[in-house]
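Enquirer: pasting a predicted model and its sequence here:
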Amino acid sequence: MDQATQMADLTKGYPFAFQVLGYLTWNHHGDYNAVRGEYEQYLSEFVYDKIWSELSQKDRMVARGIADVEGGKIKDIREHLHMETNEFNPYRKRLIKKGILSGETRGYVYFTLPLFEEYVMENY
């Protein structure tokens, strides 16, 4: 049960990630830790590279700022990026609309895609 919960957390409920992690884990006799690198590679190659290529340079900069600031507090992210609210909000809304960010909690944003924060850190 603990392993199933950890695997579910690693997918963040993203269907493609769930399928890939399950498939890879099955092929490695249930050892999901052994497939972490391959799992990240699948997400990068088949999903994140495409998403990233469709973002504007400013969208990418905002995503990097979100990845840089721990906790997801919008005020802290804006300060880190040296952006005013009216400058930041269009990018936040666009990233939410694309399904990259969650804006459900007022004043905070979080990446909705599993391991996307790491992807942003490596690719910006």
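Expert: Here it is on my side, so go on.

Enquirer: what domains does the record give for this structure?
Expert: 2-53, 57-123 (automatic domain parsing).

Enquirer: tell me which of these is the most buried.
Expert: domain 57-123 (a mean of 16; mean count of other CB atoms under 10 Å). All C-beta spots, glycine's among them, are computed from the backbone N, C-alpha and C.

Enquirer: got the domains of the chain as JSON lines, with mean pLDDT columns?
Expert: Formatted as JSON lines, the domains of the chain follow (pLDDT from 0 to 100):
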{"stretch": "domain 2-53", "mean pLDDT": "94"}
{"stretch": "domain 57-123", "mean pLDDT": "96"}
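
Enquirer: OK, contacts around Gly72?
Expert: Counting by CB atoms under 8 Å, 6 or more residues apart in numbering, Gly72 touches Ile66, Tyr108, Val109, Tyr110.

Enquirer: how about the nearest residue to it, chain neighbours excluded?
Expert: Of all residues not flanking Gly72 in the chain, Tyr108 sits nearest, at 4.4 Å (CB to CB, 6 or more residues apart in numbering).

Enquirer: and if you look at Ala8?
Expert: The nearest residue in space to Ala8 (CB to CB, 6+ apart) is Phe18, at 7.8 Å.
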